[in-house]
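Asks: No sequence on hand, only this structure:
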């Protein structure tokens, strides 16, 4: 809901994402802050932001798949592995430049996602979740048993490079991941405003009705898998070239569930929800990890593993609380808060 | 509760939780100018698949460093001034749930906090942090005694024991030289199969050099079968091995996995007919407890000394751990944690004596890999036999220390003899 007094006089204004000078001001301020972040951030905060950006790209992919098209995926961590290995193999073994390997990693992951997305034509919901769960295990098994991936020893790859510029410091990697994240967010935002996006939403809301209306459900479901996994492949490529090593253990089922948790907490079906959910879940992760040694010191008789065990309990609790009390996620809570502030002192 | 109120309640609740968490962690005591702190990071899986062992390591290390600090810290001679000084260990630890991404996050966070050394509990995490260690110049001691981590040797990766292949090689030596003549007819062959998990850790005991070594020693290798990490019933795998003619089954995993394997052998009525060999990671008192009667007769490689043994050093270690964790049940892995603490204390002491304070990651790495022949880790007795000299020579024989060949007898681990681990990892 736009603020009072803001109205559209033409189609362009109606479709504009940034509508008021205040919103432009906030956006420019945020972009400047992010651009100059490395000049005042510590090593820790830079690496945290890099992880955050990679997490956000992953959840954007899942947002397109689940939030827009309603296709659940429990294999997103393994799909990220496909992107990571593809990029690592292309750069380390085939000598392909990073700027070419990055989109290729996305395309290969998209194609792999397409293969595991074929069952979505016939099954949905719980059964599709099982298929993608299968993908999680099958892909990790493949990573562990192929010679080209290094098997259970994993493989190394070079730093990302753009021409002669090698991105080997946290600040440079931060700018790369931030730039890629910005592009992905822009793409996702506009995808939902196009014909394709509206078709995906129609498939999500009621695939039978969409089919009756002339939407090619098969095509759009597979397209959702391709695009969602493309995003994840990009995230995987960035991950591989940040760590400069790839190993099957980096892509466990736990991470797939974490991405789903982020979407649920943020709000399924909204871009803002996907980004906020990623930031909140990652933030929770860090807060718990920082707090547990202090908690263990407060209650030493409980032993060293009780405090860390609070982490997984909190995760589960957060997801349960959101599903029960705020099923539409943080995005919905935020929208209500904004509305109540705008309407204050009136109740409605 | 009204919709808008509920939403505000949830948002505020989350903000308070996050703020509380960050405040708890960020709140650190003010440092006096005289307190010199050497920061070391530690990431272990306190939750997840290996929490049984890793919690014990962590409790022992926390207790060890706390006790060290309470006694005034590490004493060293400042090389610049020649004066005797003290430095304390700031032990920054975190759980990674045996998840690689969390381990990497811990490493990078702790690097940001200024650590000069990192203790890494997971094989996958160690592999992931291998390049980060080199890049960020922070040496780490790692849990994964696999070839990819240990060789070629460089100063950024430190290990405290033989590679899994090397200790398995010691077992092969003994089986072929001393067990076979007594238990098999002349010309009879040892037929050995491996049942393990399909992970880097599980498969670590077998490399091409190990297969060649088995052939050299006249041991017929029957192949490797996998079981899931959490599998309780491994009778199909055992039966399959026995059908191939196995008279030995080897395993390299954690004690719970090994105990399930022992029980599976027992359930098929094969205890005593098929021998079980356990590699260094799993032959401890947790295995004895969990396998119960099925542990009897199991042979394997372990390291002498046990935290529950009655000798002055172990008595002192038990008292220290119990002081901070009175409710913990002490077992073998607490001893491993004490080992880590002692090794790191020795390494940091060597670094302080050589470079003074403040230390950098490179200083500590250099100290651990000092090639002055004195060795960093000298055993005061009890837990680790012999001395270590970690040099950059990949064929350093001092690395290949003696391990104990143990047998499980009447609910206890008994030393058969000390065996020398052959250098299979760098063949």
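Replies: Alright, I've got the coordinates. Model, not experiment: these values are computed from the prediction.

Asks: buried stuff in the one helix or strand residue B:55 maps to?
Replies: Assigned by DSSP states H and E, residue B:55 belongs to helix B:51-70. Of the residues in helix B:51-70, those scored as buried under the neighbour-count criterion (16 or more other Cβ atoms under 10 Å in any protein chain shown) are B:51-69. Just so you know, the C-beta spots here come from the backbone N, C-alpha and C atoms, and that holds for glycine as well.

Asks: if we look at chain A, which of these are close to it?
Replies: If you filter these for contact with chain A, counting by Cβ under 8 Å from any Cβ of the partner chain, you are left with B:51, B:54-55, B:58-59, B:62.

Asks: ok, now which ones touch the residue in the stretch 51-200 of chain A that chain B sits nearest to?
Replies: Sorted by distance to chain B under Cβ to the nearest Cβ, the residues of the stretch 51-200 of chain A start with residue A:152, at 3.8 Å. For residue A:152, the contact set (Cβ atoms under 8 Å, 6 or more residues apart in numbering or on different chains) comprises A:144, A:248, B:198-200, B:203.

Asks: run the last query once more with 6 Å
Replies: For residue A:152, the contact set (Cβ atoms under 6 Å, 6 or more residues apart in numbering or on different chains) comprises A:144, B:200, B:203.

Asks: Throw those residues into TSV and include pLDDT, thanks.
Replies: Below are the contacts of residue A:152 laid out as TSV (pLDDT from 0 to 100):
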residue	pLDDT
A:144	86
B:200	75
B:203	84
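
Asks: coming back round to it: save the ones next to chain A among the buried residues of helix B:51-70 as a markdown table, and put in distance to residue B:157 and pLDDT too.
Replies: Output for these, formatted as a markdown table (distance: Cβ to Cβ, whole Å; pLDDT from 0 to 100):
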| residue | distance to residue B:157 | pLDDT |
| --- | --- | --- |
| B:51 | 24 | 81 |
| B:54 | 19 | 87 |
| B:55 | 24 | 88 |
| B:58 | 21 | 91 |
| B:59 | 25 | 91 |
| B:62 | 23 | 93 |
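
Asks: that older thread, any chance you could list what contacts the helix holding residue B:55?
Replies: Residues from elsewhere that reach helix B:51-70 (Cβ under 6 Å, 6+ apart): A:304-305, B:44-46, B:88-89, B:91, B:121, B:320-321, B:324-325, B:328, B:333-334, B:336-338, B:340-341.

Asks: which stretches of the stretch 51-200 of chain A have low pLDDT?
Replies: Residues of the stretch 51-200 of chain A that meet the criterion pLDDT under 70 are absent altogether.

Asks: three-state assignment of residue B:338?
Replies: For residue B:338, the reduced secondary structure class is helix; criterion used: DSSP: H, G, I helix; E, B strand; the rest coil.

Asks: For residue B:135, see how far away it is.
Replies: As for residue B:338, its distance to residue B:135 is 31 Å (criterion: Cβ to Cβ, to the nearest Å).

Asks: So between those two, which is more surrounded?
Replies: Looking at residue B:338 and residue B:135 with other Cβ atoms under 10 Å in any protein chain shown, you find the greater number of neighbours at residue B:338, namely 27 against 17.
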